[in-house]
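Student: Predicted model and sequence below, questions to follow.
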Amino acid sequence: MPDPRDVPDDPPPFLGTWNRVYAAVLVYLAAIVALLYWFTRAWQ
Amino acid sequence: MRPLDWIVLVVSLVSIVVYGLYRSRGSNTVDRYLLADKTMPWYAMALSIMATQASAITFISTTGQSYADGMRFVQAYFGLPIAMVIVSAILVPAFHRAKVYTAYQYLEQRFDGKTRTLASLIFLCQRGLSAGLTIYAPAIVLSIIMGWPERATTTLMGGVVVMYTVLGGIKAVTWSDVQQMGVIILGLLVALITVIVLLPAPVGFGDAVYLAGAAGRLNAVTTNFDWNDRFNIWSGFFGSTFLFLSYFGCDQSQVQRYLTGRSIAQSRLGLLFNAVAKIPMQFFVLFIGAMVFVFYLFIQPPVLFQHAELARIEPLAAFAPTQQDYNRAFEDRRQAALALVEARHARDTAGERRQLEAYRAAQKRMDAARARAARLVGRSGGEKDFSDTNYIFLSFVTRYLPVGVVGLVIAVIFAATMSASSGEINSLATVSVVDIYRRYIHRQGSDHHYLMASRWATLFWGVYAVAFAGWGKKLGSLIVAVNVVGSLFYGSLLGCFVLAFGFRRVGGTATFIGMLAGEVAIFWAFLFGRISYLWYNAIGCVVVVGTALAITYLGPASASATAGTPRPE
């Protein structure tokens, strides 16, 4: 198997670590679902 | 279509192809042809991923679905960001470090040859079935709405795709996807603005949203639970997470997009952009359908939007009363909608409540008349579960949108077809060459040999897709079945990859048997269960993992003998 070290795992361009980026995406998902729920209720 | 529409359509298509081929210059090695030499920036991958996922029928059907049933289809994408995070965190670094061309190649490094081959064959079977449909489905709608000959439309769409995919490989596919996405976004934006401009004078944008909501067309989130209901928040979160994990983690047509990234970080950014952009984009497409619904509050729509079937049932005696009911209900709904807007402007709460009731009652009568007409199609020799959802948006476009915009929207349909189809053909060719031809038939060829084999395989799958699309009409209602068949394979593939990444002790034989058991379970659910197809992926995955774990921990020691044994190529 190829040496895994020759494929660098660079940090993300924002938020410092990938785990923070993933957390931001999941928070975004929660926000957008909440927004869509509000949208549904508001125009029902 | 008028001359300006043709000019817009031809210029859009030619510029897409020329730009894609221009950016793919120098694709003269296998690495460049299949993986773009791993040089693609994140934004190109992001748009290519989105373009590959969105076929023409997505736009045609989604808008129609919103017109007929509201926006709840958007929930089918709630699992996508979760899947993107998992794929970015686990699969992307693993595939990059394993230096593979295909996702299934990784399975041989992790398990053994038979597991890789079974996964490759499942992919070829599933994707091969859908390759022709990707071209056929929009072609049949265009041929009925525009009157274009069906075979010529499929040949034109397929021919253009085959040309740039064979010549330019993955680079041409990716860069033309970028432009296709641009055409798609521009076309949809212009369509939305136009439909809002076309609303009658007293109805503003706020009124239009209000009227769509009052008729239940803005139901983006529904919380009721039903196993058989395809679109609610539960199937959206749980079912679609499995679906998108399967699609983005195990389907080579998507894996190949992010394998072209110049680094792990670039591939992750491409996927995470999709995680952020997909739900708003789908919402936007559905919202266009809701606005088309509002447009038709003031201009009477046909009972059925598929005019060939409508013309067939019109002479029948049973149709006349349905049409009369529909006409009366439309007039009642139109008057109630106008009165509702007036009451809303005057802040007359009691009047608003009264008109709302009349508006909703008239809507129910219109829906009932449409359902009766659809049943009449089935009873008079047409398709049994006839639905005209796919014809609603294009019927509106060709009748009411101004010259030039029609050409742009048709260009959107072509662009979406081409982007989805080129990704499929390209990935089918890659798996055929890397996982089958190079693995079993010709192991020691030169780079040039495999480059030529890849080009021939691309041409083969392109011609196959066009030929299959040409056969579409003969398949008739089997098309629905073929679509369902596509969803019968993902669960096993996903289970296999879950075992590969999550359970180091599980070996190739246990996984292989688990995949077969997963397929049996999915087919059992399909044939005997009353469960929405979104759940098949979860069922298949759980059975594969459960069976493999049982064999590993409870069965003979030989079942896990191949675990973790690397087999480099």
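Tutor: Nice, thanks for sending it over. Residues are numbered from 1 along each chain as shown, chains lettered A, B, ... in the order given.

Student: give me every residue that touches the closest residue to B:V285 other than its chain neighbours.
Tutor: Counting by CB to CB, 6 or more residues apart in numbering or on different chains, B:V285 lies nearest to B:T62, which is 4.9 Å off, once chain neighbours are set aside. Backbone N, C-alpha and C define where each C-beta goes, glycine included. If a contact means CB atoms under 8 Å, 6 or more residues apart in numbering or on different chains, then B:T62 has B:F73, B:Q282, B:V285, B:L286, B:G289 as its contacts.

Student: In which helix or strand does the second one reside?
Tutor: Assigned by DSSP states H and E, B:Q282 falls within helix B:264-295.

Student: quick one: B:T165 from chain A, how far?
Tutor: B:T165 is 28 Å from chain A, where distance means CB to the nearest CB, to the nearest Å.

Student: Show me which of the contacts of B:T62 are buried.
Tutor: Taking 16 or more other CB atoms under 10 Å in any protein chain shown as the criterion, what is buried in these is B:F73, B:Q282, B:V285, B:L286, B:G289.

Student: Please name the nearest non-neighbouring residue to the residue in chain A that chain B sits nearest to.
Tutor: Residue of chain A nearest chain B, by CB to the nearest CB: A:W43 (2.8 Å). Spatially, and ignoring its direct neighbours in sequence, A:W43 is nearest to B:G213 (2.8 Å; CB to CB, 6+ apart).

Student: what's the spacing between the one you found and B:L259?
Tutor: Separation of B:G213 from B:L259 (CB to CB, to the nearest Å): 43 Å.

Student: Could you do B:V190 as well?
Tutor: In terms of CB to CB, B:V190 sits 34 Å off from B:L259.

Student: of the two, who's got more company?
Tutor: Neighbour count, other CB atoms under 10 Å in any protein chain shown: between B:V190 and B:L259, B:L259 has more, with 25 against 17.

Student: for the contacts of B:T62, which one is nearest B:S263?
Tutor: B:Q282 (28.9 Å; CB to CB).

Student: does the residue nearest to B:V285 count as helix, strand or coil?
Tutor: helix (DSSP: H, G, I helix; E, B strand; the rest coil).

Student: neighbours of the closest residue to chain A within chain B, just the number please.
Tutor: Of chain B, the residue with the smallest distance to chain A, taken as CB to the nearest CB, is B:G213 at 2.8 Å. Applying other CB under 10 Å, we find 20 residues neighbouring B:G213.

Student: contacting residues for it?
Tutor: With contact taken as CB under 8 Å, 6+ apart, B:G213 is in contact with A:A42, A:W43, A:Q44.

Student: And the pLDDT at residue 16?
Tutor: This is for chain A. Looking at A:G16, its pLDDT reads 92.

Student: The chain in question should be chain B.
Tutor: Here the pLDDT value assigned to B:I16 is 85.

Student: Wasn't it part of a strand?
Tutor: No: assessed by three-state DSSP, B:I16 does not belong to a strand; its assignment is helix.

Student: Please, which helix or strand holds the closest residue to it other than its chain neighbours?
Tutor: Nearest residue to B:I16, sequence neighbours excluded (CB to CB, 6+ apart): B:Q179, at 4.7 Å. Assessed by DSSP H and E, B:Q179 sits inside helix B:150-197.

Student: Could you tell me the angle between that helix and helix B:264-295?
Tutor: Orientation of helix B:150-197 against helix B:264-295 (axes from the mean of the first three to the mean of the last three CA atoms, to 10 degrees) gives an angle of 70 degrees.

Student: for the record, mean pLDDT for helix B:150-197?
Tutor: Per-residue pLDDT over helix B:150-197 has a mean of 87.

Student: Please apply the same query to stretch B:461-473.
Tutor: Model confidence over stretch B:461-473, given as mean pLDDT, is 80.

Student: Give me the buried positions along it.
Tutor: Under 16+ other CB under 10 Å, the buried positions of stretch B:461-473 are B:W461, B:G462, B:Y464, B:A465, B:V466, B:F468, B:A469, B:G470, B:G472.

Student: JSON lines for the residues you listed, including secondary structure and distance to B:E108?
Tutor: Below are the buried residues of stretch B:461-473 laid out as JSON lines (DSSP: H, G, I helix; E, B strand; the rest coil; distance: CB to CB, whole Å):
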{"residue": "B:W461", "secondary structure": "helix", "distance to B:E108": "22"}
{"residue": "B:G462", "secondary structure": "helix", "distance to B:E108": "27"}
{"residue": "B:Y464", "secondary structure": "helix", "distance to B:E108": "26"}
{"residue": "B:A465", "secondary structure": "helix", "distance to B:E108": "27"}
{"residue": "B:V466", "secondary structure": "helix", "distance to B:E108": "32"}
{"residue": "B:F468", "secondary structure": "helix", "distance to B:E108": "29"}
{"residue": "B:A469", "secondary structure": "helix", "distance to B:E108": "33"}
{"residue": "B:G470", "secondary structure": "helix", "distance to B:E108": "36"}
{"residue": "B:G472", "secondary structure": "helix", "distance to B:E108": "36"}
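
Student: Quick test: name the residue nearest the centre of chain A.
Tutor: In chain A, the centroid-proximal residue (CA atoms, centre = their mean) is A:V25; its distance is 1.9 Å.

Student: neighbouring contacts of the helix or strand containing that one?
Tutor: According to DSSP H and E, A:V25 maps onto helix A:18-42. The contact list for helix A:18-42, computed with CB under 8 Å, 6+ apart, reads A:11-12, A:14-15, B:74, B:78, B:81-82, B:84-85, B:88-89, B:213, B:218-222, B:233, B:268, B:272, B:275-276, B:279-280, B:283.

Student: Skipping adjacent residues, who's closest to B:V466 in space?
Tutor: B:G158 (3.5 Å).

Student: Count residues in the vicinity of the one you found, would you?
Tutor: Residues near B:G158, counting by other CB under 10 Å, number 29.

Student: Ok, the one 4 residues further on next?
Tutor: One way to gauge burial is a neighbour count; for B:V162, by other CB under 10 Å, it gives 22.

Student: Which residue, other than its chain neighbours, is closest to it?
Tutor: Leaving aside its chain neighbours, B:V162 sits nearest to B:G462 (3.3 Å; criterion: CB to CB, 6+ apart).

Student: so that neighbour makes contact with B:E424?
Tutor: No: taking CB atoms under 8 Å as the definition, B:G462 is not a contact partner of B:E424, at 9.6 Å.

Student: can you list the domain ranges for chain B.
Tutor: As assigned by automatic domain parsing, chain B contains the domains B:3-198+B:207-296+B:402-474, B:313-386, B:487-569.

Student: In CSV: these, plus distance to A:V7.
Tutor: Formatted as CSV, the domains of chain B follow (distance: least, CB to CB, whole Å):
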stretch, distance to A:V7
domain B:3-198+B:207-296+B:402-474, 5
domain B:313-386, 50
domain B:487-569, 15
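
Student: Lowest mean pLDDT across those domains, which one is that?
Tutor: Among the domains of chain B, domain B:487-569 scores lowest, with a mean of 81.

Student: Please identify which helix or strand holds the spatially closest residue to B:L488 that is not a sequence neighbour.
Tutor: Leaving aside its sequence neighbours, B:L488 sits nearest to B:I522 (CB to CB, 6+ apart; 5.3 Å). Using DSSP H and E, B:I522 falls within helix B:508-528.

Student: continuing past that helix, what's the next helix or strand?
Tutor: Using DSSP H and E, the helix or strand that directly follows helix B:508-528 along the chain is helix B:536-554.
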